[in-house]
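**Student:** Predicted model and sequence follow; I will ask about them next.
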Amino acid sequence: MVALLKTTCTEMMTKNGYTDPKMLLKEIHDMIGKPKIMHISVRGKQYVVTNVSDPPVVHTVTNNI
């Protein structure tokens, strides 16, 4: 949760009142459809997202004369 939203699960529950584990958080819902790069650590059958970033922006230069 910290890598994705920059806040802990405890803070989401205590400060924002999220207590239903079946409800998708607004902050996560707002990310749907937006590309993200996730760095994942794999240990056995456990997967942990260690960092989340936006993909690099590619600028295309056109020379219109």
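**Tutor:** Looks like it came in fine.
**Student:** Ala3 in helix, strand or coil?
**Tutor:** Per DSSP: H, G, I helix; E, B strand; the rest coil, the local secondary structure of Ala3 is helix.
**Student:** That one touches Val49, doesn't it?
**Tutor:** Yes. At 4.8 Å, Ala3 counts as touching Val49 under the criterion of Cβ atoms under 8 Å. No exception for glycine: its C-beta is placed from N, CA and C like everyone else's.
**Student:** what do those two both touch?
**Tutor:** Common contact partners of Ala3 and Val49 (Cβ atoms under 8 Å, 6 or more residues apart in numbering): 38-39.
**Student:** then stretch 8-27 to CSV, C-alphas only?
**Tutor:** C-alpha atoms of stretch 8-27 as CSV (Å, rounded to 0.1, in the frame of the first residue of the first chain):
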residue,chain,number,x,y,z
THR,A,8,0.0,2.7,5.1
CYS,A,9,-3.0,0.4,5.5
THR,A,10,-3.3,1.6,9.1
GLU,A,11,-3.5,5.3,8.0
MET,A,12,-6.1,4.5,5.4
MET,A,13,-8.3,2.9,8.0
THR,A,14,-7.7,5.4,10.8
LYS,A,15,-7.5,8.7,8.9
ASN,A,16,-9.8,7.9,6.0
GLY,A,17,-12.2,5.5,7.5
TYR,A,18,-11.7,2.6,5.0
THR,A,19,-12.8,-0.5,6.9
ASP,A,20,-14.5,-2.7,4.2
PRO,A,21,-11.8,-5.0,2.6
LYS,A,22,-14.2,-5.7,-0.3
MET,A,23,-14.5,-2.1,-1.2
LEU,A,24,-12.1,-0.7,-3.7
LEU,A,25,-10.4,2.5,-2.4
LYS,A,26,-11.2,5.7,-4.3
GLU,A,27,-7.4,6.3,-4.6
